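S.K.: from the sequence below, what's the structure:
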Amino acid sequence: MNIPHDEAMPRLLAISGSLRGASNSTAVLQAMAHLLEGRVLVEIALLHDVPPYNADLDGHALPDGVRRLKQAVAEADGLVVCSPEYNYGMPGVLKNAIDWVSRPAFASPLKGKPALIVTTSPGMFGGVRAQAQIRDALAASLARPLARPHVAIPAVDKKLVDGRIEDETTRQMLLAGVSDLLAEVAAIASSTAA
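M.R.: Residues are numbered from 1 along each chain as shown. Model prediction:
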């Protein structure tokens, strides 16, 4: 999970909260990466090789999938977390990944990392009920989830066509969220350079 290095462009790590091969959340991230091509470096992180959290393994010999994910988070300027909603909440695989990357406490790669939360659903609410859980888990790890209107995509299966977001309102809502994330990334960069 190495984000290509280009000093001129911000680097975003896009984390999918779904393991499904035909995941709508992953498809949204892929479509987003295509929309941002040439302006932002985007790497999509899938969580297939992140095992269940086990404190006995949380040390110098981290599982490879965890080590790669933590490195990718550390190298990114910001995060886009896109997830479905399962039973009114976030999927266990996403919570598990946040638990791994949140270590060590108070000094993890998530500390101070700005994050945009996006949820998807074939239903009418767009996974919005999962947003608070994702936000709380990221905030508990000292990440910086953006304070902005929700980016929740309802009827997502009807808005994605051949890997593209065909619905203009959805496309603009997603790009507005990414724009806010990039503004936060730029603000952090200028404050650390001062």
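S.K.: in the protein, which residue is most central in space?
M.R.: Centroid-nearest residue in the chain, with CA atoms, centre = their mean: Val81, separated by 2.0 Å.
S.K.: could you confirm it falls within a strand?
M.R.: Yes: under DSSP: H, G, I helix; E, B strand; the rest coil, Val81 sits within a strand.
S.K.: quick check: buried residues in stretch 40-53?
M.R.: Neighbour counts over stretch 40-53 (16 or more other CB atoms under 10 Å) mark 40-47, 50, 53 as buried. Yep, even glycine has a C-beta here, placed from its N, CA and C like the rest.
S.K.: distance to Arg68, pLDDT and secondary structure for these - can I get that in CSV?
M.R.: As requested, the buried residues of stretch 40-53 are exported to CSV (distance: CB to CB, whole Å; pLDDT from 0 to 100; DSSP: H, G, I helix; E, B strand; the rest coil):
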residue, distance to Arg68, pLDDT, secondary structure
Val40, 21, 97, coil
Leu41, 17, 97, strand
Val42, 16, 98, strand
Glu43, 11, 98, strand
Ile44, 13, 98, strand
Ala45, 8, 98, strand
Leu46, 11, 97, coil
Leu47, 11, 98, coil
Val50, 9, 98, coil
Tyr53, 16, 97, coil
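S.K.: of those residues, closest to Glu184?
M.R.: Taking CB to CB as the measure, Glu184 sits nearest to Val40 out of these, at 13.3 Å.
S.K.: do I have it right that the closest one meets Ala14?
M.R.: No: applying CB atoms under 8 Å, one finds Val40 not in contact with Ala14, separated by 10.1 Å.
S.K.: can you put the buried residues of stretch 40-53 in TSV and add distance to Ala189?
M.R.: Listed next are the buried residues of stretch 40-53 as TSV, based on distance: CB to CB, whole Å:
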residue	distance to Ala189
Val40	14
Leu41	14
Val42	17
Glu43	19
Ile44	23
Ala45	22
Leu46	27
Leu47	28
Val50	28
Tyr53	31
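S.K.: what are the boundaries of the strands in the chain?
M.R.: Secondary structure of the chain (DSSP state E): strands at 11-16, 41-45, 78-84, 114-120, 144-145, 151-153, 160-161, 164-165.
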